[in-house]
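Colleague: how would this look folded up:
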Amino acid sequence: MSQHKAISEQIIEQVDTAAEALKNITDVKDVDIATAPREVVWEDGKLKLYHFLREDQPKAKTPVLVSYALVNRWEMMDLQPNRSFIRKLVSEGVDVYLIDWGYPSKIDRYKTLEDYILGHIDDCVDFVRQHCHLDKINLLGVCQGGTFSLMYSALFPQKIKNLITLVTPVDFDNEEGLLFKWAKDMDVDAVVDGFGGIIPGDFLNTGFDLLKPMNKTRKYMSLPETMKNKASLMNFLRMERWVADSPAQAGETYRQFIKDMYQQNKLIKGELTLGGRKVNLANITMPVLTIYAKDDHIVPPATTKPINDLVGSKDKELMEFPGGHIGVFVGARSQDLLTPAIAQWLLERDK
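Modeller: Just a heads-up that it's a prediction; the model follows:
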């Protein structure tokens, strides 16, 4: 084949790719995420408590309350219908409630960890307990929401039947994760005060991008190829919509979390107090399932595994997920392996 002919065929292929990509992007009318049927059953200011609807009766009589992180939005757990952590959990027979923290604004700048954990989480737990006529419910915490769930379960063990933590940091004195290294030397007072007490979502997203800066470059370099396939394009757009929808952070909560967790590692040392009460993880005696992602660069396994040693539970289990931080929610293995395993673990303890 002559060089001229090879170049011509390459140009034709690129033109065809561009044409197909243009057609696909033109056909997109809307990018829907978080489409699992749900209803708001309780709300307090910006916070909403969702109950996910189902057509049949759940197999488990004890519902699970999901506490997501304050960073980013919970919709990652229901990004698309065929790869939805929430939908799969519901289909496996679990009754699911979820806390939507909302979007903090200037008025929320003085909210603290106590407000979120002793206030919001406790209110939601009590609502679900009363709504379902139960003394105890299950709690599933994700990432920072898992750290919150550990704190809550240590302070209110009488209200939690089973605890699941998903890619949750507990040991913040870690050298594997770049995020943990940066936070140790952060002048968090200057950051919070400089932003006027409310931390923009874009500031946090930039930090996450810098953990692996070439990932974003590779993503956009492969965009023409991605756009050729309608399904791949929609997956890309859903993820981009989720990333772009990043809530701000209440300044005092951010300040407290960076200082107490990343810089002083108070939770694992038994030095953390909330509302004048010492948070002792040994008080967690209910069954505990700790899930970490093997290739997680945001919350490395070493920051999560100590949960299993710190809690006072006799029934406790470590589970490794073969993927990364986001794959826990949207990967095919999450649908095929992880979520059914979580549901089965809950059903076995639903007595």
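Colleague: can you tell me which residues contact F236?
Modeller: By CB atoms under 8 Å, 6 or more residues apart in numbering, F236 lies in contact with L223, T226, M227. Placement of C-beta: from N, CA and C, glycine included.
Colleague: burial measure for W182, as a count.
Modeller: 13 (other CB atoms under 10 Å).
Colleague: returning to that earlier point: list just the nearest of the contacts of F236 to V170.
Modeller: Proximity of the contacts of F236 to V170 was ranked by CB to CB; the top entry is T226 with 36.4 Å.
Colleague: So L318 versus N308, what's the distance?
Modeller: Distance, L318 to N308, by CB to CB, to the nearest Å: 5 Å.
Colleague: who touches both of the two?
Modeller: Joint contacts of L318 and N308 (CB under 8 Å, 6+ apart) are T290.
Colleague: Tell me which helix or strand comes right after the helix or strand bottoming out on mean pLDDT in the chain.
Modeller: Lowest on mean pLDDT, DSSP states H and E among the helices and strands of the chain sits helix 3-27, with a mean of 48. Proceeding N to C from helix 3-27, the next assigned helix or strand is strand 38-44, under DSSP states H and E.
Colleague: Low-confidence ranges, the protein, go.
Modeller: Along the chain, segments meeting pLDDT under 70 span 1-30.
Colleague: ranges for the strands of it?
Modeller: 38-44, 47-52, 64-67, 96-100, 137-142, 160-166, 198-199, 249-250, 273-274, 277-278, 288-293, 316-321 (DSSP state E).
Colleague: what's the angle between the last one and strand 288-293?
Modeller: To tie it back to what came earlier, the one meant is strand 316-321. Strand 316-321 and strand 288-293 are oriented at 20 degrees to each other (axes from the mean of the first three to the mean of the last three CA atoms, to 10 degrees).
Colleague: All the helices of the stretch 101-250 of the chain, in order from the start?
Modeller: Applying DSSP state H, counting those that start in this stretch to the stretch 101-250 of the chain gives helices spanning 113-114, 122-132, 144-155, 178-184, 188-194, 201-211, 213-221, 223-228, 230-244.
Colleague: Of those, which is nearest V330?
Modeller: Nearest to V330, of all the helices of the stretch 101-250 of the chain, is helix 230-244, at 7.9 Å by CB to CB.
Colleague: Specify the angle between the closest one and helix 201-211 in degrees.
Modeller: Using the same axes, to 10 degrees: helix 230-244 against helix 201-211 is 120 degrees.
Colleague: next one: phi and psi at G324?
Modeller: Backbone torsions of G324, given as degrees, to the nearest 10, read phi -110, psi -170.
Colleague: Leaving out chain neighbours, which residue sits closest to it?
Modeller: Once flanking residues are discounted, G324 sits nearest to D295: 4.7 Å by CB to CB, 6 or more residues apart in numbering.
Colleague: Please report how far the one you found lies from L204.
Modeller: The value you get for D295 to L204, if CB to CB is used, is 22 Å.
Colleague: Neighbour count for those two, which is higher?
Modeller: Legend: neighbour count by other CB under 10 Å for D295 and L204, higher for L204 (18 against 12).
Colleague: ok, the closest residue to the more buried one other than its chain neighbours - contacts?
Modeller: The spatially closest residue to L204, leaving aside those adjacent along the chain, is V71, at 5.8 Å (CB to CB, 6+ apart). Counting by CB under 8 Å, 6+ apart, V71 touches C143, Q144, L204, S246, Q249.
Colleague: ok, the closest residue to the first one other than its chain neighbours - contacts?
Modeller: Spatially, and ignoring its direct neighbours in sequence, C143 is nearest to A69 (4.2 Å; CB to CB, 6+ apart). Remark: with contacts taken as CB under 8 Å, 6+ apart, A69 is in contact with V142, C143, Q144, G145.
Colleague: Report the two of these separated the most.
Modeller: Using CB to CB, these span at most 7.9 Å, a distance reached by V142 and Q144.
Colleague: any idea how far W101 is from K136?
Modeller: Using CB to CB, W101 is found at 23 Å from K136.
Colleague: got it, and N229?
Modeller: For N229 relative to K136 (CB to CB), the value is 46 Å.
Colleague: What of G201?
Modeller: Distance from G201 to K136, by CB to CB: 35 Å.
Colleague: Among these two, which residue is more densely surrounded?
Modeller: The neighbour comparison of G201 against K136 (other CB under 10 Å) goes to G201, with 19 against 16.
Colleague: Next, the contact list for that one, please.
Modeller: Applying CB under 8 Å, 6+ apart, the residues contacting G201 are N72, S246, P247, A248, Q249.
Colleague: what's the farthest-apart pair in those residues?
Modeller: Largest pairwise distance in the contacts of G201, by CB to CB, is 11.6 Å, between N72 and A248.
Colleague: what sits opposite W42 in the beta ladder?
Modeller: In this structure, W42 bridges to L49 when assessed by DSSP bridges.
Colleague: got the contact list for it?
Modeller: With contact set as CB under 8 Å, 6+ apart, W42 has these partners: K48, L49, D123, C124, F127.
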